[in-house]
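Visitor: what follows is a predicted structure for the sequence shown.
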Amino acid sequence: MKQNYKTINYEWLTKPTGDPFADVGGFAIEYLSEKFPEKDILDLIDYVTKIYVEKWGGKLNAFFLNSKITQPAFLGQRKIDETLKYFKNIIAESESSEDGYCRITGQATKLFYGSRDNSIMTGSGTFINFHHFFQKGISVSKEVLIRIHFVPFACQQLQGKVSLMQSNNYKLNKLFVELTVEKNLHEIGIGISDGIMKSDYNKPANAIFDFVDYSLKRLQEFREETVLPSLTLYLFTNFGASPEIQLFQLPAKVFIFYKTCIQAKFRDDWQKFIRSYYFNSQYKGAKYNTLTENFELIKSKETEVIGQDEYRQWFNVIYTKLLSNENIRPEILRWSRKHPFNFTIVEIYHQHIIGMKKETINKIKELAAFLIREEDADKIKKRIKTLDGAKNSSALRRFFLKDVVAENYAEGSKKTMITLDEYINYLFPDGSYWAEIRDLLLIAIYQELHERDLISEELKIEFETEAETESIN
């Protein structure tokens, strides 16, 4: 980028600040300055302003209230002229200003007022109590106001609002902006850009996990165990009298878990599991076909097929629960009744997301193998039914004592299946939830049955019936 203006601190046009809006705008400036090195910052302001007005029809109301571009009294070229005039004035420092420290960058500089017409989610100039010392706006540097002007070019439209992605990792922040700006430039180039770039998804959770997929393909370092990034999707609107903002956060531990699940050795099992939990009320009763990777809905004598391009827009309970820190154990159990599922995924989830002790997981695997040691369908069916019917901790304790400890003793085994230490510290430790132990044991049993090919047609039908009953409940 050319540097023609001595009043501008060019470093602060792109330097990360920690403010999501300022940072997104800064990354957009950085990308465009690399794309157009012959332009100075005012040239770039002119470039995006013409796009906002001529290509997008000035539709920036979700960002700015009564700005030079969204002001109804200004039409066509005047929107561009007034915008450029404003930025020329703050660069020349002829706009009203004061000396002090910028609220975003912390630098000592000339400060200008940022309100809803030239900044995002900062309060209104009409209600001065929104700001410190009853000022008419947030006090920020010219560099911050310039950065904010580029925010629309680096955001995506989602659910009728505006979304941007932020991370504790610099490269992930930059990658989201580069992806968005590249798409904008491509759509402008082929003449189809008519507003803020639309996200490929209409659900925040789906958009977040798709971006994780994209980042893992593009950035080698995120496939390494040492990188622990988190992600936050900001979904907001600064429109009229109803400004609002929602945050959807993907914690670092979930990022790592998800990254593990899409490794080659787990990917097939994980994707089948994930895809089976898409849901749309308009297609109630549709079932996922693991062979065709499509959903199928039987209507009368015909079968409607819903492909991935369509159903990936549906609500996905697994993605939503992972973002909300809710346990996906019930969904894993329901899936395991009918389908083989790599138990290592279950182990990783319970150890690193739920915080279960490794010794507990190992003991449960050992108990699962013990309970199906006899290839007797009736016995297996009875044990599963008893375990499944345990509705409280007392029932689960009785199951362990009768079906494990007593049976092991009756067989004259020299090995103790459940020691007192294991019983107290691993199966029923203080603060644990007994149902987690029961469900995890059931999952382990089903996976042992799948791996050993011990599920008879009779058992398979019963498991499917149980899974469908759980789904209804």
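Guide: Okay, I see it.

Visitor: where's the residue nearest to residue 236 when sequence neighbours are not counted relative to residue 239, distance?
Guide: The shortest distance from residue 236 to any residue other than its chain neighbours is 3.9 Å, reached at residue 245 (CB to CB, 6 or more residues apart in numbering). Quick note: C-beta positions are derived from backbone N, CA and C, even for glycine. Distance of residue 245 to residue 239, computed by CB to CB, to the nearest Å: 12 Å.

Visitor: looking at these two, which is more packed in?
Guide: residue 239 (19 against 14; other CB atoms under 10 Å).

Visitor: re the thing from before, rounded mean pLDDT for the host helix or strand of the residue nearest to residue 236, please.
Guide: Under the criterion of DSSP states H and E, residue 245 resides in strand 244-250. Across strand 244-250, the average pLDDT comes to 94.

Visitor: skip ahead from it and say which helix or strand is next.
Guide: Next element after strand 244-250 (DSSP H and E): helix 252-261.

Visitor: now that following helix: buried residues?
Guide: Residues 254-261 are the ones in helix 252-261 that count as buried (16 or more other CB atoms under 10 Å).

Visitor: quick one: the closest residue to residue 247 other than its chain neighbours from residue 166, how far?
Guide: Counting by CB to CB, 6+ apart, residue 247 lies nearest to residue 232, which is 5.7 Å off, once chain neighbours are set aside. In this view, residue 232 and residue 166 are 5 Å apart by CB to CB.

Visitor: touching both of the two, which residues are there?
Guide: Contact criterion CB atoms under 8 Å, 6 or more residues apart in numbering; residues shared by residue 232 and residue 166: residue 20.

Visitor: who has more neighbours, the two?
Guide: Under the criterion of other CB under 10 Å, the comparison of residue 232 against residue 166 puts residue 166 first, with 21 against 16.

Visitor: the more buried one sits in which helix or strand?
Guide: Using DSSP H and E, residue 166 falls within strand 161-167.

Visitor: so what's the residue count around residue 108?
Guide: 11.

Visitor: who does it form a beta bridge with?
Guide: Note on residue 108: beta-bridge partners by DSSP bridges are residue 101.

Visitor: contacts only, for it.
Guide: The contact partners of residue 108, taken as CB under 8 Å, 6+ apart, are 99-101.

Visitor: please repeat the previous calculation with a cut-off of 10 Å.
Guide: 99-102, 141 (CB atoms under 10 Å, 6 or more residues apart in numbering).

Visitor: ok now stretch 216-235, how far from the chain's centre?
Guide: 11 Å (CA atoms, centre = their mean, to the nearest Å).

Visitor: buried stuff in it?
Guide: 216, 219, 222, 227, 229-235.

Visitor: specify the residue positioned farthest from the middle of the protein.
Guide: residue 412 (52.5 Å; CA atoms, centre = their mean).

Visitor: pretty sure it sits in a strand.
Guide: No - under DSSP: H, G, I helix; E, B strand; the rest coil, residue 412 falls outside any strand and is assigned coil.

Visitor: who's in contact with residue 366?
Guide: Residues in contact with residue 366, defined by CB under 10 Å, 6+ apart, are 404, 415, 417-418, 422, 444.

Visitor: among these, name the buried ones.
Guide: Counted by 16+ other CB under 10 Å, the contacts of residue 366 give 404, 417-418, 422, 444 as buried.

Visitor: and which of those residues is nearest residue 32?
Guide: Nearest to residue 32, judged by CB to CB, of the buried ones among the contacts of residue 366 is residue 444 at 53.9 Å.

Visitor: helix, strand or coil: sort out that closest one for me.
Guide: When the rule is three-state DSSP, residue 444 gets the label helix.

Visitor: show me the contacts for residue 25.
Guide: Counted by CB under 10 Å, 6+ apart, residue 25 has contacts 13-14, 17, 19, 120, 143-155, 164, 177.

Visitor: which one among the contacts of residue 366 gets closest to residue 302?
Guide: Out of the contacts of residue 366, the member with the shortest distance to residue 302 (by CB to CB) is residue 444, at 40.1 Å.

Visitor: quick check: closest non-adjacent residue to the closest one.
Guide: Once flanking residues are discounted, residue 444 sits nearest to residue 368: 3.6 Å by CB to CB, 6+ apart.

Visitor: for the helix or strand hosting the one you found, give the mean pLDDT please.
Guide: In this assignment (DSSP H and E), residue 368 forms part of helix 358-371. Averaged across helix 358-371, the pLDDT comes to 95.

Visitor: same deal with stretch 432-448?
Guide: Rounded mean pLDDT across stretch 432-448 is 93.

Visitor: kindly export it (C-alpha atoms) in CSV.
Guide: In CSV, the C-alpha atoms belonging to stretch 432-448 read as follows (Å, rounded to 0.1, in the frame of the first residue of the first chain):
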residue,chain,number,x,y,z
SER,A,432,-20.4,-38.7,38.9
TYR,A,433,-23.7,-39.3,37.1
TRP,A,434,-24.7,-42.9,37.2
ALA,A,435,-26.5,-42.8,33.9
GLU,A,436,-23.3,-41.9,32.1
ILE,A,437,-21.8,-45.2,33.3
ARG,A,438,-24.8,-47.1,32.2
ASP,A,439,-25.1,-45.5,28.8
LEU,A,440,-21.3,-45.8,28.1
LEU,A,441,-21.5,-49.5,29.1
LEU,A,442,-24.4,-50.1,26.7
ILE,A,443,-22.5,-48.3,23.9
ALA,A,444,-19.4,-50.5,24.6
ILE,A,445,-21.6,-53.6,24.5
TYR,A,446,-23.2,-52.7,21.2
GLN,A,447,-19.8,-52.0,19.6
GLU,A,448,-18.4,-55.3,20.9
